[in-house]
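Asker: Take a look and give me a structure for this.
(one chain, ligands or ions: 1)
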Amino acid sequence: MNSLVAFYRSTIGKKILMAVSGLIGIGFVILHMAGNLQVFIGQNKINSYGAMLHGPLAEVTWLLRLVLIVAVIVHVLMAYQLTQRSAAARPIDYQHRSPQVSTLASRTMKWGGILLLVFIVVHILHFTTEAIDPAGWRGMTDSQGHRDVYGNIVASFRIWWVALFYIVAMLALGLHLYHGAWASVRTLGFAKPSPHPLHRRIALVVAAIVWLGFTLVPVGVIAGIIR
Ligand code: HEM
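Answerer: You can find the predicted model right below:
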């Protein structure tokens, strides 16, 4: 018990918790992105998928939700505590940052992370609870009697500012994932020191796939491919 408390209190312990919770988040977004791409197959496919997650697989969905909620809380709490700790350790900021460690992605971690958090809350209120209903689609069902997730996606992304909000949030997600994915692998000690680290290239590919996979949905609606 004492060693657990010591681990939690140590900076490396907090970094490990941050890395592991971040990797859980990455796992979720990859699955979610793959699920979303079913809109390209058609209304029936994605609506039945949604119905399955809320029907026969409801227990699994709740378990995953629970893991995800804990991961998000731990991730945000550790980010806050580590930022406070490093600010206390260095009240005057570095005059110059080494270009190698300071990429656009690493410099936008804090604000990008806050934007993502706002996005997740707004997004759940939009597509899951339908409390935010820009397209007037609340409670709509398809011909099978399933909740019409497909119709909500199409009607929502036809509204320019909704599509823009998602496209900007997906850029923030891509940058956040790129820095987060390689930083977590480094924290967990899987990465060997190298001038051209492989884990950085893998992080770039993962971030690019996730960004593209999500962005294709609003862009597909705007382009009239999904209608
Ligand atoms: C274009 C991008 C996205 C689209 C079209 C989309 C679509 C959806 C839809 C339709 C649902 C509701 C599913 C249902 O209730 O049947 C949903 C739920 C959700 N989405 Fe997304 N999503 C996108 C991006 C994201 C991203 C980037 C994240 C996380 C960073 C995310 C996190 C979630 C979460 C946490 C839920 C709630 C799952 C639940 O508890 O039921 N989504 N999304």
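Asker: Write out the residues of the chain neighbouring the ligand.
Answerer: 29, 32, 36, 50, 53, 65, 116, 120, 123-124, 127-128, 149, 153, 166, 173, 214, 217-218 (Cβ under 6 Å from any ligand atom). The way it works is simple: take the backbone N, C-alpha and C, and place the C-beta from them, glycine included.
Asker: mind redoing it with 5 Å?
Answerer: Residues of the chain lying close to the ligand by Cβ under 5 Å from any ligand atom are N36, G50, R65, F127, T128, V149, Y166, L173, F214, V217.
Asker: Please dump those into a markdown table; it should also carry secondary structure for every row.
Answerer: Compiled in a markdown table, the residues of the chain next to the ligand are given as follows (DSSP: H, G, I helix; E, B strand; the rest coil):
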| residue | secondary structure |
| --- | --- |
| N36 | helix |
| G50 | helix |
| R65 | helix |
| F127 | helix |
| T128 | helix |
| V149 | helix |
| Y166 | helix |
| L173 | helix |
| F214 | helix |
| V217 | helix |
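Asker: Among the residues you listed, name the buried ones.
Answerer: N36, G50, F127, V149, Y166, L173, F214, V217 (16 or more other Cβ atoms under 10 Å).
Asker: Could you pull up the residues touching the fourth one?
Answerer: So the one you mean is V149. Neighbouring residues of V149 by Cβ atoms under 8 Å, 6 or more residues apart in numbering: I46, N47, G50, F127.
Asker: In those, find the pair that's most separated.
Answerer: Maximum pairwise distance among those (Cβ to Cβ): 12.5 Å, between N47 and F127.
Asker: Show me what the helix or strand where E59 lies packs onto, helices and strands only.
Answerer: For E59, the enclosing helix or strand under DSSP states H and E is helix 58-89. Packed against helix 58-89 by the contact rule (3 or more Cβ pairs under 8 Å, 6 or more residues apart in numbering; DSSP states H and E) you find helix 11-36, helix 109-123.
Asker: Repeat the analysis, applying 6 Å as the threshold.
Answerer: helix 11-36 (3 or more Cβ pairs under 6 Å, 6 or more residues apart in numbering; DSSP states H and E).
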